[in-house]
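>>> structure, please.
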Amino acid sequence: MSGAIAYQIRYKVAGTSQFTVVNSTSNHKTITGLTPSTDYVWKVKAICSKSPAISSDNSAQEKFTTLPLRLGEEKEIIIADVYPNPAEDELTISMAIQYSEVTIQVYDLQGKIIDLPITIESSQAQINTTSLPGGLYSVQVTNPTGTPEVRTFVKQ
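Numbering: from 1, shown residues only. So this is what the prediction gives:
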């Protein structure tokens, strides 16, 4: 709202009587600690001045439902670091943990797989980038369970 210096957001579990009140100095607010798979109602008003106290009326009450709780679906971090970036003759990929087997593929901007010499030792891989022309590339590391992670790098 034009002229607002802050916003007061009120929310509660649908069907209950007690609102939780939070304030924001911007026109958005992330609220944490909500219960999964739960219906909530909310309303907001703009604060235009604190002294004297001037604010809008509360908005019409709206509703939303939180998503269900998901356990065990957090994204696995495969790549800890890719360096140096930009690369000249060699690119090093440092894995977050040591894998028994990984698949590493390098792609150009058109999505074509580029065949390069790759050496994997422990939790690091070295890619010989000497033959690559300068440009932007992607490297994809896929762990033994098939989970991929992609990073971009520049070849000088």
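>>> domains of this structure?
6-65, 79-155 (automatic domain parsing).
>>> with mean neighbour count and mean pLDDT added, can I get these in CSV?
Just so you know, the C-beta spots here come from the backbone N, C-alpha and C atoms, and that holds for glycine as well. As requested, the domains of the chain are arranged in CSV below (neighbours: other CB atoms under 10 Å; pLDDT from 0 to 100):
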stretch, mean neighbour count, mean pLDDT
domain 6-65, 12, 92
domain 79-155, 14, 92
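>>> enumerate every residue touching residue 80.
Listed by CB atoms under 8 Å, 6 or more residues apart in numbering, the contact partners of residue 80 are 94-96.
>>> immediately after the longest strand along the chain, which helix or strand?
If you go by DSSP state E, the chain has its longest strand at strand 39-50. For strand 39-50, the following helix or strand on the C-terminal side (DSSP states H and E) is strand 53-55.
>>> kindly check the end-to-end length of stretch 122-142 for me.
Taking CA to CA, to the nearest Å, stretch 122-142 runs 15 Å from one end to the other.
>>> can you list the residues that contact that stretch?
78-79, 82, 87-99, 102-109, 114, 116-119, 148-156.
>>> could you rerun that using 6 Å?
78-79, 87, 89-95, 98, 102-107, 109, 116-119, 148-156 (CB atoms under 6 Å, 6 or more residues apart in numbering).
>>> also stretch 23-36?
6-9, 66, 68-69.
>>> tell me how far the residue of the chain positioned farthest from its centre lies from residue 32.
Centroid-distance maximum for the chain: residue 52 at 41.1 Å, with CA atoms, centre = their mean. Distance of residue 52 to residue 32, computed by CB to CB, to the nearest Å: 33 Å.
>>> please give the element, helix or strand, for residue 32.
Judged by DSSP H and E, residue 32 forms part of no helix or strand.
>>> among the contacts of stretch 122-142, which lie within strands?
79, 90-95, 103-107, 118-119, 148-155.
>>> next up, phi/psi of residue 109, please.
Residue 109 adopts backbone torsions of phi -70, psi -20, taken as degrees, to the nearest 10.
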